[in-house]
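J.: fold the following for me, if possible:
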Amino acid sequence: MELCAPTYKLSLVSPTVNGNHTRRRRRDWAVVRMAGSPDLAAYEEGQLERPKWAGDTIVSRVVKSLISFKPLYSVLKLGARQVFISTAEKKNIPWRDMTKEILESDVYKELETVENPSIVYPDYYLSPFHAYDEGNLSWLAAAEAEAATMSMLRRAIPDGSLEEANKIMRGNWVKEIEQHHLQYSGNSVIEDILDIGCSVGVSTRYLADRFPSAKVTGLDLSPYFLAVAQFKEKKRAPRKNPITWKHANGEDTGLPSKSFDLVSFSYVFHECPERAIIGLVQEAFRLLRPGGTIAVTDQAPKSKIIQELSPVLFTLLKSTEPFLDEYYLTDLETRLRDAGFINVKAVLTDPRHMTMTATVPH
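T.: Here you go, the predicted structure:
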């Protein structure tokens with residue numbers, strides 16, 4: 001059913017740069033503001049290059065020492081999980097019911113059709129994160145992934161319905177992809193899309209819906225996530241171009257070079273050490289055709305909201321994200337250019353997240 005929603009007018013504005021000489025020099029990012037939105041200021045940058053609780057700062061070192069104390073870490077991990085679930089259910093996201101529905105379904109039958117038994121998992125992927133001891137290699141993580149994604153959406157866009165929030169958050173992301181590709185691709189059509197780190201396929205399905213004539217592949221390291229993605233996709237109406245699900249390492253996909261027009265990473269890089277980010281970017285460059293577009297959407301280090309998180313919240317956040325410091329310390333724009341990309345552009349597309357796009361030279 002179509003819901004009536006307020007009309008939001010998008011405009012691109014330049015951020016105000018603080019001239020204080022004690023601040024690090026900052027790259028100018030475009031900022032998406034939404035005329036008529038009650039959270040207009042939320043789209044503005046903070047005054048720092050990154051949150052003061054990230055990197056090698058006093059605050060960061062204190063948080064790191066707290067998390068390294070195992071008894072306290074266990075408490076923090078449990079607390080973080082409870083915050084995730086309670087936040088979701090307060091926003092009318094039925095976390096427990098959604099999880100139960102997956103775990104009591106026939107999803108398990110999908111595993112053997114998507115799993116690649118020859119996969120060798122990188123060491124970082126075997127680390128506990130997101131409050132799961134097994135990381136993403138578990139049925140519980142896979143069953144809870146979509147509810148967790150919806151909860152993230154509500155934290156970013158707290159007002160309006162969930163459908164409206166999704167249109168804003170995902171809509172701004174895809175709009176940046178479309179605009180960048182139109183401007184820099186040399187008029188090439190997006191015919192082949194690869195969504196690396198696709199999780200349970202939320203972003204993959206959105207891309208397939210937005211580009212119905214394209215062939216879309218969702219790739220992930222977790223066979224459990226892919227089993228859920230395939231299970232959910234089978235419940236939808238058949239597509240003209242069915243989504244392909246691939247169990248592989250995004251740093252070494254085994255896919256042919258120059259075979260995609262768009263390679264997307266949605267909320268992937270903050271879960272990776274810098275060495276993995278570099279590998280993922282290099283693999284994306286290899287996979288893209290000349291004029292192809294890479295699109296990265298993830299936490300924005302310059303987000304005013306993220307920079308102003310309370311000590312309790314950022315401590316809980318870091319307790320479930322072991323590579324968050326590395327992500328915030330990574331100069332992603334430089335890493336893209338080092339890999340060979342040009343026309344690198346970063347835009348705040350919601351209060352907490354940025355979308356970075358770049359092009360493979362013709």
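J.: Thr349 and Arg170 touch, don't they?
T.: No: applying C-beta atoms under 8 Å as the test, Thr349 and Arg170 come out as separate, 9.3 Å apart. All C-beta atoms are positioned from the backbone trio N, CA, C, and that covers glycine.
J.: for this protein, what's the longest helix?
T.: Longest helix in the chain, counting residues (DSSP state H): helix 162-184.
J.: any buried residues in it, and which?
T.: Neighbour counts over helix 162-184 (16 or more other C-beta atoms under 10 Å) mark 164-178, 180-181, 184 as buried.
J.: got a list of what the spatially most central residue of the chain touches?
T.: The centroid of the chain falls nearest to Tyr267 when counting by C-alpha atoms, centre = their mean (1.2 Å). Residues in contact with Tyr267, defined by C-beta atoms under 8 Å, 6 or more residues apart in numbering, are 152, 197, 199, 203, 297-299, 353.
J.: what's the lowest-pLDDT member of these?
T.: Lowest pLDDT of the contacts of Tyr267: Met152, 89.
J.: now do the phi/psi pair for the residue lying closest to Phe285 once chain neighbours are set aside.
T.: Using C-beta to C-beta, 6 or more residues apart in numbering and skipping the chain neighbours, the partner closest in space to Phe285 is Ala339 (4.6 Å). With angles defined as degrees, to the nearest 10, Ala339 sits at phi -80, psi -10.
J.: doesn't Gln282 make contact with Ala339?
T.: Yes: between Ala339 and Gln282 there is a contact under C-beta under 8 Å: 5.1 Å.
J.: what is the neighbour count of Ser310?
T.: 8 (other C-beta atoms under 10 Å).
J.: got the phi and psi for it?
T.: Per degrees, to the nearest 10, the backbone of Ser310 is at phi -70, psi 160.
J.: where does pLDDT dip in this protein?
T.: Applying pLDDT under 70 to the chain flags the ranges 1-42.
J.: which residue ranges of the stretch 101-250 of the chain form strands?
T.: Secondary structure of the stretch 101-250 of the chain by DSSP state E, counting those that start in this stretch: the strands cover 192-196, 215-220, 244-247.
J.: nearest to Phe260, of those?
T.: strand 192-196 (4.6 Å; C-beta to C-beta).
J.: and the angle from that closest one to strand 215-220?
T.: 10 degrees (axes from the mean of the first three to the mean of the last three C-alpha atoms, to 10 degrees).
J.: counting by contacts, list what the longest strand along the chain packs against.
T.: The strand spanning the most residues in the chain, taking DSSP state E as the definition, is strand 288-299. Packing contacts for strand 288-299, counted by 3 or more C-beta pairs under 8 Å, 6 or more residues apart in numbering; DSSP states H and E, involve helix 162-184, strand 260-266, helix 274-287, strand 353-359.
J.: of all those, which lies closest to Thr334?
T.: Closest of the helices and strands packed on strand 288-299 to Thr334 is helix 274-287, at 10.5 Å (criterion: C-beta to C-beta).
J.: who are the packing partners of the closest one?
T.: Using 3+ C-beta pairs under 8 Å, 6+ apart, helix 274-287 sits against strand 192-196, strand 260-266, strand 288-299, helix 324-329, helix 332-339.
J.: swap in 6 Å and give it another go.
T.: Here helix 274-287 touches strand 260-266, helix 332-339, going by 3 or more C-beta pairs under 6 Å, 6 or more residues apart in numbering; DSSP states H and E.
J.: just these: most buried one?
T.: Most buried of the helices and strands packed on helix 274-287 by mean neighbour count (mean count of other C-beta atoms under 10 Å) is strand 260-266; its value is a mean of 26.
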